[in-house]
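Visitor: No letters, just coordinates:
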């Protein structure tokens with residue numbers, strides 16, 4: 001793989017009720033995002049909860065993604081850490097790596113290396129890596145910012161470092177990367193909310209969280225921007241801004257006021273539950289569809305209540321926006337077909 005551009009999706013790691021990796025759901029998710037038109041898959045990113053997975057669990061995640069993918073799209077696997085030697089050891093011993101097409105490697109967390117330290121860390125990893133490398137700069141999580149000059153130096157000095165996932169949130173830094181990087185080195189947004197502004201500067205894609213939910217929309221946004229069709233890209237960006245924000249909210253308490261906005265496809269029409277969420281108090285809220293309405297059920301302290309949406313004549317080919325809102329212990333649900 002010479003270049004890494006377009007829409008990548010940082011796949012989530014689903015778990016079952018016994019806290020085991022839900023391979024069946026992960027398998028379905030891979031097929032869903034591929035059908036949605038994304039360009040590559042990212043395993044073991046931040047969204048996958050990689051920092052809290054065991055080595056065995058990480059292997060299960062990658063094997064499941066590779067099995068579901070069946071070679072249709074490039075798979076980029078996350079391998080990174082504080083210990084440079086340990087990262088290199090994993091690159092050399094992870095058997096599943098042979099079936100991947102690239103590596104995503106995050107800046108070391110907690111110990112806050114200098115820019116020289118970051119340069120030497122990634123230069124050593126690049127020299128040992130059997131696959132092309134994408135740098136991952138996310139100072140809000142790692143505690144250290146890899147500056148544009150360091151990214152540029154690595155791009156020029158290490159031919160197999162082919163991209164950066166840039167999530168500093170700084171447009172001055174993004175601009176400096178674009179001005180100083182190697183010509184064929186790709187700059188990718190690491191923040192969905194800033195994707196369109198960054199692409200207007202010259203970024204060539206994204207490693208996306210929201211593409212787990214709306215792969216088609218964000219693949220279309222990226223393709224439109226790459227082709228210079230900014231009116232289409234802008235429409236998608238503005239339409240999905242609220243959902244983009246909601247996906248990064250912390251958990252909520254069902255007994256408190258809340259608003260949930262969902263965009264969903266392929267809703268079962270036989271009454272099967274298609275959305276379910278529980279809070280930290282084990283209260284549950286779930287949705288199903290029948291008799292031309294979205295039914296919203298809430299179970300709080302074993303007491304179940306139920307509201308229904310407005311009428312919608314839904315078919316599986318359509319996308320539905322659903323808003324669930326609770327205020328002062330009164331809640332309702334609204335649905336609209338797109």
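Guide: Happy to help now that I have it. Since we're looking at a predicted model, the values are computed, not measured.

Visitor: Which segments of the protein make up each domain?
Guide: Listed domain ranges for the chain are 6-245, 249-337 (source: automatic domain parsing).

Visitor: neighbouring contacts of the strand or helix carrying residue 77?
Guide: Per DSSP states H and E, residue 77 falls inside strand 75-78. Contact with strand 75-78 is made by 4, 8, 40-45, 48, 50, 62, 65-66, 69, 94, 96-97, 99-106, 134, 136, as judged by C-beta atoms under 8 Å, 6 or more residues apart in numbering. Bear in mind the C-beta positions are built from the backbone N, C-alpha and C, glycine included.

Visitor: Most tightly packed of the domains of the chain?
Guide: A comparison of these by mean neighbour count, using mean count of other C-beta atoms under 10 Å, puts domain 6-245 on top with a mean of 19.

Visitor: quick one: average confidence on that domain?
Guide: Domain 6-245 carries an average pLDDT of 95.

Visitor: quick one: terminal-to-terminal distance for it?
Guide: 22 Å (C-alpha to C-alpha, to the nearest Å).

Visitor: do stretch 307-315 as well
Guide: First residue to last in stretch 307-315 (C-alpha to C-alpha) measures 21 Å.

Visitor: ok now it, how far from the chain's centre?
Guide: 29 Å (C-alpha atoms, centre = their mean, to the nearest Å).

Visitor: Same check on stretch 135-146?
Guide: With C-alpha atoms, centre = their mean as the basis, stretch 135-146 stands 16 Å off its chain's centre.

Visitor: got it, and stretch 123-130?
Guide: Using C-alpha atoms, centre = their mean, the offset of stretch 123-130 from its chain centre is 25 Å.

Visitor: so where do the helices sit in the stretch 151-300 of the chain?
Guide: Along the stretch 151-300 of the chain, the segments classed as helices by DSSP state H, counting those that start in this stretch run 171-180, 195-201, 215-226, 230-239, 241-246.

Visitor: okay, the ones you listed in a markdown table with distance to residue 114 next?
Guide: Below are the helices of the stretch 151-300 of the chain laid out as a markdown table (distance: least, C-beta to C-beta, whole Å):
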| stretch | distance to residue 114 |
| --- | --- |
| helix 171-180 | 17 |
| helix 195-201 | 26 |
| helix 215-226 | 34 |
| helix 230-239 | 36 |
| helix 241-246 | 34 |
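
Visitor: Figure out which of these is closest to residue 122.
Guide: helix 171-180 (14.5 Å; C-beta to C-beta).

Visitor: Quick one: list the elements packing against that closest one.
Guide: For helix 171-180, the contact count by 3 or more C-beta pairs under 8 Å, 6 or more residues apart in numbering; DSSP states H and E identifies helix 148-157, strand 161-166, strand 186-189, helix 195-201 as packing neighbours.
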